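Could you work out the structure for the sequence below:
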Amino acid sequence: MQSIHAIAAALLMGGALAAQAADRDASFHPGELLTSNAEYREAWQDLVKDEERLPDWLINLSGLSTPMQAVEADSDRYLVGQVCEAHRCFGQRAYVAFEWEDDEAYALYVQVPDGLPEDRAPSEHASLRWLGDPDEEVQQMLMEQLRSDPNWY
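Take a look at the predicted model:
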């Protein structure tokens, strides 16, 4: 009988933790994640400290952004979101990913030239820069985020 109560308690606790984790990604934008969680902030600072010529909005994740979402890749879980420079979102943006365990951060920095004619495919003229040395699976996950933009072709 005691083991049934222990199992029930474990299931309730697991459900509460799952609900908290689900809220965790839906309620935070990338910049807010840095200010509210020391592990994610440290992972991001480790990523940007060795990078050269990054804009302030990217270093601080202070641009316009989307809420973080949980994404599975390579049997690992990540918090993924997009941040962009205000007034230049399409041309200056980054897709960021944090390992769920707070260990590592990665990003895909996308730059599309200003004034690109509408008949030109952004995908053919953009410069893509990987930050944080993501493996192939993480790169694929971040590229899928980019490709999900209906204006990306």
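
can you pull out the strands in the chain?
Here the chain has its strands, by DSSP state E, at 64-65, 69-73, 76-84, 92-99, 105-111, 127-131.

May I see the buried residues of the fourth one?
Same thing as strand 92-99. By neighbour count on 16 or more other CB atoms under 10 Å, the buried set for strand 92-99 is 92-99. Glycine gets a C-beta too; all of them are placed from N, C-alpha and C.

send the alpha carbons of that strand over as CSV?
Output of strand 92-99 as CSV, limited to C-alpha atoms (Å, rounded to 0.1, in the frame of the first residue of the first chain):
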residue,chain,number,x,y,z
GLN,A,92,19.3,41.0,-38.8
ARG,A,93,18.1,38.1,-36.7
ALA,A,94,19.3,35.1,-34.8
TYR,A,95,17.8,31.8,-33.8
VAL,A,96,19.1,30.8,-30.3
ALA,A,97,19.0,27.5,-28.6
PHE,A,98,19.9,26.6,-25.0
GLU,A,99,20.4,23.0,-23.9
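
List the strands paired with it, with their directions.
If you go by DSSP bridges, strand 92-99 pairs up with strand 76-84 (antiparallel), strand 105-111 (antiparallel).

what's the closest of the buried residues of strand 92-99 to Arg77?
Glu99 (7.7 Å; CB to CB).

Can you tell me, leaving aside adjacent residues, what's nearest to that closest one?
Spatial nearest neighbour of Glu99, excluding adjacent residues (CB to CB, 6 or more residues apart in numbering): Tyr78 at 6.0 Å.

before we move on, what about Leu54?
Nearest one to Leu54, counting by CB to CB, 6+ apart, is Val48 at 6.1 Å.

give me every residue that touches that neighbour.
Val48 sits next to 54, 58-59, 131 when contact means CB atoms under 8 Å, 6 or more residues apart in numbering.

Which of the residues you listed ranks first by neighbour count?
For those, neighbours were counted using other CB atoms under 10 Å, and Leu58 has the most, 22 neighbours in all.
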